[in-house]
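Asks: Structure of the sequence below:
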Amino acid sequence: MKHVLTIIFLLVYYSWSYGQDIYKGNISDGKSKEALAYVNLGIVGKNVGTVSDIYGNFKIELDQKYDND
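Replies: Predicted coordinates for the structure are as follows:
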């Protein structure tokens, strides 16, 4: 049992220390303030991105190597 707890702790610690930043937000029209559904978001020239949901909400997890992009 002690080994199982040690392994679980190491897995959780590794996931916390991996170095990803999570960005969350909402996409809306500038004039009407209506949510924009299914908008593509990403970093130009990189293979990283996400799509907003029907309410304009998005969440993207980025490695720290993209901090300056």
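
Asks: How many residues are close by S52?
Replies: As a burial measure, S52 scores 20 neighbours (other Cβ atoms under 10 Å). Just so you know, the C-beta spots here come from the backbone N, C-alpha and C atoms, and that holds for glycine as well.

Asks: Does it touch V39 like I think?
Replies: Yes - if you go by Cβ atoms under 8 Å, S52 and V39 touch, sitting 4.4 Å apart.

Asks: what do these two both touch?
Replies: I27, F58 (Cβ atoms under 8 Å, 6 or more residues apart in numbering).

Asks: just wondering, since we're on N47, how far is it from G30?
Replies: N47 is 29 Å from G30, where distance means Cβ to Cβ, to the nearest Å.

Asks: Kindly apply the preceding question to G42 instead.
Replies: Taken as Cβ to Cβ, the span from G42 to G30 is 20 Å.

Asks: least trustworthy helix or strand in the protein by mean pLDDT?
Replies: Within the chain, no helix or strand scores below helix 2-17, which has a mean of 59 by mean pLDDT, DSSP states H and E.

Asks: Quick check: next helix or strand after that one?
Replies: Counting by DSSP states H and E, the next helix or strand C-terminal to helix 2-17 is strand 20-26.

Asks: Paired strands for that following strand, with orientation please.
Replies: Strand 20-26 pairs in its sheet with strand 57-63 (antiparallel), by DSSP bridges.

Asks: Comparing G42 and G30, which shows the higher neighbour count?
Replies: With neighbours defined as other Cβ under 10 Å, G42 and G30 compare such that G42 has more, 12 against 5.

Asks: which residues sit in contact with the closest residue in space to that one that isn't next to it in sequence?
Replies: Leaving aside its chain neighbours, G42 sits nearest to G49 (2.8 Å; criterion: Cβ to Cβ, 6 or more residues apart in numbering). By Cβ under 8 Å, 6+ apart, G49 lies in contact with N40, L41, G42, I43, I60.
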